[in-house]
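Undergrad: generate coordinates for the sequence data below:
(one chain, ligands or ions: 1)
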Amino acid sequence: MNDVKKMYIDGEWVVSASGQTRDTINPATGRVLATVTEGTAADVDRAVAAARQAFDEGPWGTTPAGARAALLFKLADLVEANGEELGALETSDNGKPLRETAYDVADTAACLRYYAGLITKPTGQTYEVADPMQAMVVREPVGVCGLIVPWNYPLLMATWKIAPALAAGNSIVFKPSELTPLTAIRLFELIEEAGFPKGVANLVLGAGPVVGARIAEHMDIDKIAFTGGTKTGRAIMTAATGNLKKISLELGGKSPCVVFEDADLETAVDWALFAIFANQGQVCSAGSRLLLQASIHDQFVERLVERAKQIRVAPGDSEGVEMGAMISEAHMEKVLSYIKIGKAEGATLKCGGHRLTENGLGEGFFIAPTIFADTTPDMRIVQEEIFGPVLAVQKFTDEADAIALANHTIYGLAGGVFTNDGARALRFIKKLRAGITWINAYHPTYNEAPWGGYKQSGIGRDLGTFGLDGYTEVKQININLAPGPVGWFEA
Ligand code: NDP
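TA: The predicted structure follows:
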């Protein structure tokens with residue numbers, strides 16, 4: 001059991017109560033990367049008890065914001081100092097190119113520093129009220145937070161939740177995806193090295209329906225913060241009703257990237273490729289629907305396809321790679337099945353549409369950048385989140401048509417518009433029912449700005465001050481400035 005990677009509970013590295021293990025696979029080679037302990041509901045219970053103790057009775061509850069910030073700054077320094085190792089680990093566990101994991105590591109350190117800085121800034125409100133009272137509002141930590149994240153940005157998604165949760169003074173029970181546990185394990189080693197008190201930050205490894213489900217239903221967890229699929233989000237929301245946990249959900253999307261005829265063609269083509277094919281299309285906010293004005297449609301698609309065919313797909317650690325492996329064989333099969341569906345629905349396959357196996361890629365799980373044109377709004381490849389390198393192109397006539405098509409899904413996570421008409425750009429974005437939007441760009445995101453969706457893309461926001469608010473309770477305090485009997489009942 002010595003080389004089995006462990007979980008971090010109550011300040012100790014431990015194996016699961018069940019003794020079971022799970023292999024984690026390098027999706028670029030199909031080979032086993034590491035063996036990790038497989039947690040169970042009993043391990044969640046242990047972690048929650050430790051987090052409860054740390055929050056209710058341990059030193060964490062009285063650790064001032066400045067001291068919490070110092071720990072987070074130290075953690076950011078450690079992440080940076082170990083950045084190359086973290087990046088390589090993420091690439092081997094997740095499949096994404098090294099240049100993407102380098103961004104993820106840099107963003108991770110920046111996010112930790114953002115919340116370390118934010119937590120010491122002015123907060124609360126005061127009110128003038130009618131009575132001889134001073135009324136004020138303070139923010140306090142929610143308590144024990146259960147944090148569950150997916151595999152597409154393992155380290156970054158972990159940090160988006162861990163940084164504000166700890167900054168606000170909560171204790172946490174964190175679960176990464178069973179497919180990508182390795183950078184989370186390394187991050188918790190750094191959390192230990194940074195010197196967070198025991199029990200404050202706990203890591204439980206294991207399957208979603210076992211470990212994740214237990215976190216969601218646990219009566220001693222006060223808040224659950226989840227990033228993942230909409231179906232899982234719904235299950236978590238239901239499970240969380242037992243003790244009416246606070247919940248925040250960052251869910252899926254089918255986001256539109258919209259190009260009007262006056263946009264610069266080469267610029268828009270370049271961003272449209274980035275919108276769908278970055279991170280192998282495994283991005284919740286991916287521009288997976290490309291809406292083109294009819295007058296530029298054919299020319300645009302021709303150029304887009306030409307560029308898509310040039311994308312270099314290879315293992316994430318190889319020279320010049322632009323797109324890596326899909327996360328797993330099962331997910332690759334799911335994406336390939338959507339490609340079959342697209343063909344059967346009558347969409348025109350313009351490029352890709354198959355698994356890549358030449359030059360040794362057959363050992364891993366690679367899919368060629370895929371573009372479908374001649375779609376109709378109700379096709380499944382237009383409505384459902386594929387979460388892979390598959391783009392559905394749609395055609396629109398005018399601004400009203402573009403808005404109607406853009407909003408015609410159950411999701412409302414993100415969207416971008418390309419046009420040189422500034423007024424039209426803003427008119428369009430104001431009508432778009434989505435939480436994250438861009439004008440003449442797609443994808444850039446910032447720690448300072450809130451991240452989350454409208455409609456079935458979620459509840460609440462990560463990042464920014466909004467993200468921090470989600471890890472706090474709001475308390476009003478009314479102070480009597482003229483203490484004396486109230487006099488309501490006769491003495
Ligand atoms: P899942 O919803 O399958 O999994 C997300 C996390 O939830 C994983 O840790 C998973 O564990 C866990 N989980 C699975 N089942 C349960 C359950 N019943 N109760 C509690 N936890 C559970 O999503 P994917 O991993 O497939 O990730 C892709 C999805 O994430 C996409 O839909 C994407 O849009 C969304 N996403 C949203 C983002 C946003 O900010 N809005 C950002 C990134 C992704 P395990 O993997 O171990 O089974």
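Undergrad: per-residue confidence at S177?
TA: pLDDT for S177: 98.
Undergrad: so which strand or helix has it?
TA: S177 is part of no helix or strand, with elements assigned from DSSP states H and E.
Undergrad: the nearest residue to it once chain neighbours are set aside: how many residues sit nearby?
TA: Of all residues not flanking S177 in the chain, W151 sits nearest, at 3.8 Å (CB to CB, 6 or more residues apart in numbering). C-beta: built from backbone N, CA, C; applies to glycine. Per other CB atoms under 10 Å, the neighbour tally for W151 reads 21.
Undergrad: surely W151 is in contact with N94?
TA: Yes. Using CB atoms under 8 Å, W151 is in contact with N94, at 6.4 Å.
Undergrad: and for those two, which residues touch both?
TA: Common contact partners of W151 and N94 (CB atoms under 8 Å, 6 or more residues apart in numbering): T180, I327.
Undergrad: helices or strands up against the helix or strand harbouring P164?
TA: Assessed by DSSP H and E, P164 sits inside helix 154-167. Packing partners of helix 154-167 (3 or more CB pairs under 8 Å, 6 or more residues apart in numbering; DSSP states H and E): helix 65-81, helix 83-94, helix 98-118, strand 144-148, strand 171-175, helix 182-194, strand 223-227, helix 464-469.
Undergrad: convert that helix to PDB, retaining C-alpha atoms only.
TA: Presented in PDB, the C-alpha positions along helix 154-167 are these (Å, rounded to 0.1, in the frame of the first residue of the first chain):
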ATOM      1  CA  PRO A 154      -8.800  20.100 -12.000                       C
ATOM      2  CA  LEU A 155      -6.300  22.500 -10.200                       C
ATOM      3  CA  LEU A 156      -8.000  25.700 -11.200                       C
ATOM      4  CA  MET A 157     -11.600  24.600 -10.400                       C
ATOM      5  CA  ALA A 158     -10.300  23.400  -7.000                       C
ATOM      6  CA  THR A 159      -8.800  26.800  -6.400                       C
ATOM      7  CA  TRP A 160     -11.800  28.800  -7.500                       C
ATOM      8  CA  LYS A 161     -13.600  27.200  -4.500                       C
ATOM      9  CA  ILE A 162     -10.900  26.500  -2.000                       C
ATOM     10  CA  ALA A 163      -9.400  30.100  -2.100                       C
ATOM     11  CA  PRO A 164     -12.600  32.000  -1.300                       C
ATOM     12  CA  ALA A 165     -13.900  29.400   1.100                       C
ATOM     13  CA  LEU A 166     -10.700  29.400   3.300                       C
ATOM     14  CA  ALA A 167     -10.300  33.200   2.900                       C
END
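Undergrad: how about the residues of this protein near the ligand?
TA: Where proximity means CB under 6 Å from any ligand atom, the interface of the chain facing the ligand comprises 148-152, 175, 177-179, 207-209, 212-213, 216, 227-229, 232, 235-236, 250-253, 284, 385, 387, 413, 451, 453, 458.
Undergrad: just the buried ones from those?
TA: For the residues of the chain next to the ligand, a burial check counting by 16 or more other CB atoms under 10 Å picks out 148-152, 175, 177-179, 208, 212-213, 216, 227-229, 232, 235-236, 250-253, 284, 385, 387, 413, 451, 453, 458.
Undergrad: quick one: end-to-end length of stretch 426-445, please.
TA: 19 Å (CA to CA, to the nearest Å).
Undergrad: shaky segments in the stretch 1-150 of the chain?
TA: 1-2 (pLDDT under 70).
Undergrad: residue of it nearest the ligand, please.
TA: Residue of the stretch 1-150 of the chain nearest the ligand, by CB to the nearest ligand atom: P150 (3.2 Å).
Undergrad: surely T63 and F196 touch.
TA: No. Checked against CB under 8 Å, the pair T63 and F196 is beyond contact range at 9.5 Å.
Undergrad: who has more neighbours out of the two?
TA: F196 (24 against 16).
Undergrad: could you check how far that one is from I172?
TA: Relative to I172, F196 is positioned 10 Å away (CB to CB, to the nearest Å).
Undergrad: what's the overlap in contacts for these two?
TA: Counting by CB under 8 Å, 6+ apart, the contacts common to F196 and I172 are L166.
Undergrad: hmm, L33 is touching N26, no?
TA: Yes. With contact defined as CB under 8 Å, L33 counts as touching N26 (4.8 Å).
Undergrad: shared neighbours, the two?
TA: S92, D93.
Undergrad: neighbour count winner among the two?
TA: Between L33 and N26, N26 has the larger neighbour count (other CB under 10 Å), namely 21 against 15.
Undergrad: output the below-cut-off pLDDT ranges for the stretch 201-350 of the chain.
TA: Checking the stretch 201-350 of the chain against pLDDT under 70 turns up nothing.
Undergrad: now the helices: where do they sit in it?
TA: Taking DSSP state H, counting those that start in this stretch as the test, the helices found in the stretch 201-350 of the chain are 213-217, 230-239, 265-277, 297-309, 329-345.
Undergrad: and R312, how far from the ligand?
TA: 24 Å (CB to the nearest ligand atom, to the nearest Å).
Undergrad: to clarify, my last question referred to V204.
TA: For V204, the distance to the ligand - CB to the nearest ligand atom - is 11 Å.
Undergrad: skipping adjacent residues, who's closest to that residue in space?
TA: Of all residues not flanking V204 in the chain, G39 sits nearest, at 4.6 Å (CB to CB, 6+ apart).
Undergrad: would you agree the one you found is in contact with N202?
TA: No. G39 sits out of contact with N202 when judged by CB under 8 Å, with a separation of 10.6 Å.
Undergrad: mutual contacts of these two, please.
TA: In contact with both G39 and N202: M7, using CB under 8 Å, 6+ apart.
Undergrad: so which strand or helix has N420?
TA: Following DSSP H and E, there is no helix or strand that holds N420.
Undergrad: give me every residue that touches the residue nearest to it when sequence neighbours are not counted.
TA: Computed as CB to CB, 6+ apart, the closest residue to N420 that is not its neighbour in sequence is D262, at 4.9 Å. Counting by CB under 8 Å, 6+ apart, D262 touches T419, N420, D421.
Undergrad: so which of those residues is the most crowded?
TA: T419 (23 neighbours).
Undergrad: tell me the predicted confidence for that one.
TA: T419 is assigned a predicted lDDT (pLDDT) of 98.
Undergrad: okay, now the closest residue to it other than its chain neighbours: neighbour count?
TA: Residue nearest to T419 in three dimensions, not counting chain neighbours: F260, with 4.0 Å by CB to CB, 6+ apart. A count of nearby residues for F260, using other CB under 10 Å, gives 23.
Undergrad: ok, the one 3 residues further on next?
TA: Here the neighbour count serves as a burial measure; for A263 (other CB under 10 Å) it reads 23.
Undergrad: identify the residue nearest it in space, chain neighbours excluded?
TA: For A263, ignoring the flanking residues on the chain, the nearest one in space by CB to CB, 6+ apart is F418 at 3.9 Å.
Undergrad: quick one on the thing from earlier: for the residue nearest to S177, helix, strand, or coil?
TA: Classification of W151 by DSSP: H, G, I helix; E, B strand; the rest coil places it in coil.
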